[in-house]
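Asker: Sharing a model that was predicted from the sequence below.
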Amino acid sequence: MDFELLHPADQLVLMMDRIYRGGLTTTSGGNLSILDDNGDIWITPSGIDKGTLTRHDMCCVKPDGTVLGPHKPSVELPFHATVYKKRPDLRAVLHAHPPAMVAFSLARVLPNTRLVANAWRTLGNITMADYAVPGSQKLGDNIAAEFEKGYDIVVMENHGVVIGASDLFHAFMKFETLETTANLEIYARSLGEPKTLQENDVNLTATRDHLTMDEFVPNKHSSEECAARRDMIKLIRRSYRQHLFVSTQGTYSVRLSDGSFIITPYGLDRDYMEESDLVLIKNGMKEQGKIPSRSVKLHQKIYEKHPEIHSVLGANPPHAMAFAVTDAPFDPRTIPESYIMLRQIEKVPFTSIYLKQDEVAAMFSPRTPVLICDNNQILATGDSLLNAFDRLEVTEATAHSILLAQSIGPVVHITPDEVTDIDVAFHLTD
Ligand SMILES: [Zn+2]
């Protein structure tokens, strides 16, 4: 999808629909705007059902204050306009009341954006603006004062969040990543004190492997490759809908029979990914003109060490990640299905993903098909794409249940004798 060719009114419809469908705002809450090259502010209307907005509902506010369109502009127009005045580099402003961020705004505490490297890179530093009446110039001034200091993400006391970016799509990526990281912190706190990444740790993620690989020009695409691309896109979209991926995070790869593999690209929004965006990796080289995921070398090493593994998945599903950002062990011996799918999950220190990739790759076995990488990701492997997806989904569902159980009582695990019975019944001999 070429976002630059989408008219501002259509961008507003697309993103408001995505925010509403994602449960990230209510019918009456939240507003978006775009500043175009003429100096016009395109903004969502006031008091119109967010579930049924069309491009004709959008308002265009001219620089002299004239409003074009059938509705009144959002009551929050004053803060949108003030933010653009203070920060000429920003061309889109997103405001909403997503539940986890509202929780932080009620407690008047900023979420920790340094629990996961992806969130730290995407969000940077964030701040909080003083409370003021919605729609008032005072609220606009409070928010704009924080943007003027250079912040792009401002939490509003007892209200919600405002995010500014160079375009609406990047504003959404920050918004969704922020809400995900806020949820993650809330889940993690039910297990223990979350562990914060340090500057040195995040510097390790600045790997250039994915950029500097040699390139090759594919001369044809086999039927097997086309099928793999098609199936990957289906499952990438499904992973997004199931909240296993977010727009900025989630890596899939699938090995083909000639030893090459296909992997998700670096940086693209997972919800809009298409078959042609995926990157073929062959003999350590990348398909010409494309940039693979930063995890490309790690996936390659896993395939090299394990002929039985045909698919690798890396993701940040929020319940499972609660175990990655705390010292709480993840024991899958909860319900038999979780044990059968996940067996014995191991944890890997954050730095190993970058400094000890051979050792990490060697940790996978039939007994350990899933690894939890501290403050980084859940890595799931499988003998097929669906098998790896299933394992990721079961990991997240199991984590969710363990977290829900925290308020009920201590989790009782299946006993070693009961595990032996399952091993025999399901032929889990290795
Ligand atoms: Zn609001």
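Answerer: Everything's here; your move.
Asker: residue boundaries of the strands in the stretch 251-400 of the chain?
Answerer: 251-255, 261-263, 279-282, 285-287, 311-315, 346-348, 370-373, 377-382 (DSSP state E, counting those that start in this stretch).
Asker: can you check the stretch 1-150 of the chain too?
Answerer: 31-35, 41-43, 59-61, 67-68, 92-96, 127-129.
Asker: can I assume Ser401 is in contact with Thr334?
Answerer: Yes. The pair Ser401 / Thr334 is scored as a contact, 6.5 Å apart, by Cβ atoms under 8 Å. C-beta: built from backbone N, CA, C; applies to glycine.
Asker: For the closest residue to Leu268 other than its chain neighbours, list the residues it contacts.
Answerer: Closest residue to Leu268 apart from its sequence neighbours, by Cβ to Cβ, 6 or more residues apart in numbering: Asp277 at 5.6 Å. By Cβ atoms under 8 Å, 6 or more residues apart in numbering, the contact list for Asp277 reads 264-265, 268, 290.
Asker: gap between Asp277 and Ala361?
Answerer: From Asp277 across to Ala361, the span is 25 Å (Cβ to Cβ, to the nearest Å).
Asker: Let me know the closest of the contacts of Asp277 to Arg229.
Answerer: Thr264 (10.8 Å; Cβ to Cβ).
Asker: State the number of residues packed around the closest residue to Ser311 other than its chain neighbours.
Answerer: Closest residue in space to Ser311, ignoring its immediate chain neighbours: Ala388 at 4.0 Å, by Cβ to Cβ, 6+ apart. Neighbour count for Ala388, taken as other Cβ atoms under 10 Å: 25.
Asker: Wait, Ala388 touches Ala315, no?
Answerer: No. Using Cβ under 8 Å, Ala388 is not in contact with Ala315; the gap is 10.3 Å.
Asker: Need the overlap of contacts for these two.
Answerer: The contact sets of Ala388 and Ala315 overlap at Ala380 (Cβ under 8 Å, 6+ apart).
Asker: rewinding a little: okay, the strands of the stretch 1-150 of the chain in a markdown table with distance to Leu428, mean pLDDT and mean neighbour count next?
Answerer: What follows is the strands of the stretch 1-150 of the chain, written out as a markdown table (distance: least, Cβ to Cβ, whole Å; pLDDT from 0 to 100; neighbours: other Cβ atoms under 10 Å):
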| stretch | distance to Leu428 | mean pLDDT | mean neighbour count |
| --- | --- | --- | --- |
| strand 31-35 | 51 | 96 | 26 |
| strand 41-43 | 58 | 98 | 25 |
| strand 59-61 | 61 | 97 | 21 |
| strand 67-68 | 66 | 96 | 14 |
| strand 92-96 | 46 | 97 | 27 |
| strand 127-129 | 50 | 98 | 20 |
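Asker: would you turn those into TSV with distance to Arg208?
Answerer: Below are the strands of the stretch 1-150 of the chain laid out as TSV (distance: least, Cβ to Cβ, whole Å):
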stretch	distance to Arg208
strand 31-35	33
strand 41-43	38
strand 59-61	43
strand 67-68	47
strand 92-96	29
strand 127-129	31
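Asker: Val419: which of those strands is closest?
Answerer: Of the strands of the stretch 1-150 of the chain, nearest to Val419 by Cβ to Cβ is strand 92-96, at 45.4 Å.
Asker: Show me what that closest one packs onto, helices and strands only.
Answerer: The helices and strands touching strand 92-96, judged by 3 or more Cβ pairs under 8 Å, 6 or more residues apart in numbering; DSSP states H and E, are helix 8-21, strand 31-35, helix 77-86, strand 160-165, helix 168-189.
Asker: can we see that at 10 Å?
Answerer: helix 8-21, strand 31-35, strand 41-43, helix 77-86, helix 137-148, strand 153-156, strand 160-165, helix 168-189 (3 or more Cβ pairs under 10 Å, 6 or more residues apart in numbering; DSSP states H and E).
Asker: can you state the direction angle for it and helix 8-21?
Answerer: Between strand 92-96 and helix 8-21, the angle comes out at 30 degrees (axes from the mean of the first three to the mean of the last three Cα atoms, to 10 degrees).
Asker: Among the strands of the stretch 251-400 of the chain, which comes closest to Ser407?
Answerer: It is, among those and with distance given as Cβ to Cβ, strand 370-373, at 22.6 Å.
Asker: my guess is Thr429 contacts Asp423, does it?
Answerer: Yes. With contact defined as Cβ atoms under 10 Å, Thr429 and Asp423 form a contacting pair (7.0 Å).
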